[in-house]
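> no sequence on this one, just coordinates:
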């Protein structure tokens, strides 16, 4: 007899051709038994929803049915019928069962209501839970939305290197890449490591950003975006930091500050709307189980115009809040970098909508940002979101060679390996700008999850590199 082709659960639940014979395969969520009937809830990852398999225990071997426990993997074939129970429209009256893999009582994901901390210890299995299935499907959809947005707007997907010899972001936060024998390092008379015999012949690291290479792409292709993994060796054990994360970094020639802010707002709204349009079941689940204001918050971001707030005005608002009795953990004054609590006060309490903050003091921003006519502030842009704080950081870049070199000299930035970057200002320099969006921070916002370690399949954090 010819084997029936498998139907994904997401497709089976949409079907209305009752009486058809279907086959579904997946992992058992629950198995409820009685003398008269067994109910098996089956999920294959294609949707948050399970399909119910209705089994007549008199027609199957009892020992086999007892092996079908939570977490086991099975194939079920039967007749598609209208469901008698609430919560689903279809179910399968089963006449054939096959067990692919049994699952013992020591299966870590058996207990209901495990903590996220517990599930992080079993990150290789937590993906099978409803919550992490929902998060990963949304993560996929956000990646699709990002590529579609930029493709539809004439940007080119540009692959910046993961291994770099540039040191302009500060070596203290970079992971070293080497083939040298770490137990027998050659050093010079000053005790510095000699890299002549290393693979690249010089010190190399994992990238912290694709921006500098992205600028090269923008000065040739007009508008590019990078989307790939980046690495920061910060010893930060917070709910907002990872050592390995994904970044989206568009870079655009001939863009000014207002154009950049327009791009940031339009892009983020597009991504959030994509989630609302394409991830309804998963968002409804997360709205019910994780954050009861999630969908309302997502809709408000799409509907509201973002506030555009110069840094100096933002500081005045925060200083007034302090004067009126508001308590911040960190002090606030002109010239200080804003902490997350300051950003969230502006977004969540004062304006109650997303904020794009601009024109920061140049001392607290990167060397490549365009300096304003006042000589004190730069054309940087941070998009601040509720619950997250900064979700996007961007700027108009300084295109003038002499001004850029003056800033590099003033900050004592080692640029010996950066000649290629400076060439963009020597040969046909053009106005340009761009931004960086931490992908996981976007996923945090769209899912309502509270810890960045729970929106990436296998988090890399200090002292953690399992799986």
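Looks like it arrived, so ask away. Quick caveat, the model's predicted, so the values are computed rather than measured.
> what about the residue with the largest distance to the centre of the chain, which SS state?
When each C-alpha in the chain is compared with the mean C-alpha position (CA atoms, centre = their mean), residue 58 comes out farthest, at 48.8 Å. In the three-state summary, residue 58 is assigned as helix, counting by DSSP: H, G, I helix; E, B strand; the rest coil.
> Which parts of the stretch 251-400 of the chain are strands?
In the stretch 251-400 of the chain, the segments counted as strands under DSSP state E, counting those that start in this stretch are 307-310, 355-361, 377-385, 389-396.
> Check what pLDDT the residue farthest from the centre of the chain gets.
The pLDDT attached to residue 58 in the predicted structure is 94.
> Could you list which residues are in contact with it?
Residues in contact with residue 58 (CB atoms under 8 Å, 6 or more residues apart in numbering): none are found. In short, each C-beta sits where N, CA and C put it, glycine included.
> rerun that using 10 Å as the cut-off
For residue 58, the set of contacting residues under the criterion of CB atoms under 10 Å, 6 or more residues apart in numbering consists of 35-37.
> Next: residue 139.
Under the criterion of CB under 10 Å, 6+ apart, the contact partners of residue 139 comprise 132, 246, 279, 439-440, 442-443, 446-447, 455-457.
> Which SSE is immediately downstream of the helix or strand hosting it?
Using DSSP states H and E, residue 139 falls within helix 130-152. The helix or strand immediately downstream of helix 130-152 is strand 156-157, counting by DSSP H and E.
> Can you list the strands that that next one pairs with?
Its sheet considered, strand 156-157 pairs with strand 223-231 (parallel) by DSSP bridges.
> Residue 369 and residue 398 touch, don't they?
Yes - in this structure, residue 369 sits in contact with residue 398. The criterion is CB atoms under 10 Å, and the distance is 6.5 Å.
> tell me, what's touching these two both at once?
378-379, 404, 407.
> just those: which has the poorest pLDDT?
residue 407 (89).
> Tell me who's in contact with residue 433.
215, 218, 250-257, 259-261, 263, 369-370, 379-381, 394-397, 399.
> And residue 322, by the same measure?
328, 331-333.
> what do you get for residue 449?
By CB under 10 Å, 6+ apart, the residues touching residue 449 are 116, 131-132, 134-135, 138, 239, 286, 290-291, 294, 440, 443, 455.
> so where do the helices sit in the stretch 1-150 of the chain?
With DSSP state H, counting those that start in this stretch as the definition, the stretch 1-150 of the chain shows helices at residue ranges 9-12, 62-67, 116-120, 123-126, 130-152.
> Relative to residue 321, which of those helices is closest?
Between residue 321 and those, the tightest spacing by CB to CB is seen for helix 116-120, at 32.3 Å.
> Give me the contacts around that closest one.
The contact list for helix 116-120 (CB under 10 Å, 6+ apart) reads 108-109, 111, 125-127, 129, 131-132, 290, 449-451, 453-454, 458-459, 461, 464, 466.
> Give the buried subset of these as a PyMOL selection command.
The following PyMOL line selects those of the contacts of helix 116-120 that are buried, judged by 16 or more other CB atoms under 10 Å:
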select buried, resi 109+126+127+129+131+132+290+449+453+454+459+461+464
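> Please flag which of the contacts of helix 116-120 sit within strands.
With strands taken from DSSP state E, there is no overlap with the contacts of helix 116-120.
> Report the secondary structure state of residue 446.
Quick answer, by three-state DSSP: residue 446 is helix.
> For it, which residues are in contact?
Contacts of residue 446 were listed using CB under 10 Å, 6+ apart, and they are 135, 138-139, 141-142, 145, 271-272, 274-276, 279, 282-283, 286, 294, 297-298, 301, 455.
> got it, and residue 280?
Taking CB under 10 Å, 6+ apart as the contact definition, residue 280 lies against 48, 295.
> Could you do residue 356 as well?
For residue 356, the contacting residues are 260-262, 264-265, 306-309, 381-384, 392, 394, by CB under 10 Å, 6+ apart.
> Can you get me a residue count around residue 200?
By the measure other CB atoms under 10 Å, the count of residues near residue 200 is 13.
> if we can go back for a sec, and the residue farthest from the centre of the chain, how close does it get to residue 65?
11 Å (CB to CB, to the nearest Å).
> With residue 341 instead?
Noted for residue 341: a distance of 55 Å to residue 65, by CB to CB.
> Mind listing the residues bridging to the closest residue in space to residue 60 that isn't next to it in sequence?
Counting by CB to CB, 6 or more residues apart in numbering, residue 60 lies nearest to residue 97, which is 6.3 Å off, once chain neighbours are set aside. With DSSP bridges applied, residue 97 shows beta-bridge pairing to residue 76.
> again, but for the one 4 residues further on
In this entry, residue 101 is beta-bridged to residue 73, by DSSP bridges.
> Count the neighbours of it for me.
Neighbours of residue 101 under the rule other CB under 10 Å: 9.
> ditto for the one 5 residues further on
Applying other CB under 10 Å, we find 6 other residues in the vicinity of residue 106.
> roughly how far apart are it and residue 131?
Per CB to CB, residue 106 is found 21 Å from residue 131.
> same check, this time on residue 122
When CB to CB is the yardstick, residue 122 and residue 131 sit 13 Å from each other.
> what does residue 75 give?
To residue 131, residue 75 is 26 Å away according to CB to CB.
> now swap in residue 307 and tell me
Between residue 307 and residue 131 the distance, using CB to CB, works out to 33 Å.
> Could you do residue 461 as well?
Distance, residue 461 to residue 131, using CB to CB: 19 Å.
> Contact partners for residue 140?
The neighbourhood of residue 140, defined by CB under 10 Å, 6+ apart, consists of 278-279.
> Equivalent analysis for residue 352, please.
Shown in contact with residue 352 (CB under 10 Å, 6+ apart): 300, 304, 307, 346, 386.
> are any of the residues you listed buried, and which?
Among the contacts of residue 352, those scoring as buried are 307, 346, 386 (criterion: 16+ other CB under 10 Å).
> Tell me where the stretch 251-400 of the chain has helices.
Per DSSP H, counting those that start in this stretch, the stretch 251-400 of the chain carries helices over the ranges 257-278, 280-289, 294-303, 311-323, 340-344.
> how about these, which one is nearest residue 357?
When the helices of the stretch 251-400 of the chain are compared by CB to CB, helix 311-323 sits nearest residue 357, at 5.6 Å.
> quick one, that closest one and strand 377-385 angle?
When axes from the mean of the first three to the mean of the last three CA atoms, to 10 degrees is applied, the directions of helix 311-323 and strand 377-385 differ by 60 degrees.
> re earlier: report how many residues lie close to the residue nearest to residue 60.
For residue 97, which is what you asked about, the neighbour count (other CB under 10 Å) is 20.
> Export the buried ones among the contacts of residue 352 to TSV and append columns for distance to residue 230 and pLDDT.
As requested, the buried ones among the contacts of residue 352 are arranged in TSV below (distance: CB to CB, whole Å; pLDDT from 0 to 100):
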residue	distance to residue 230	pLDDT
307	28	98
346	27	97
386	25	89
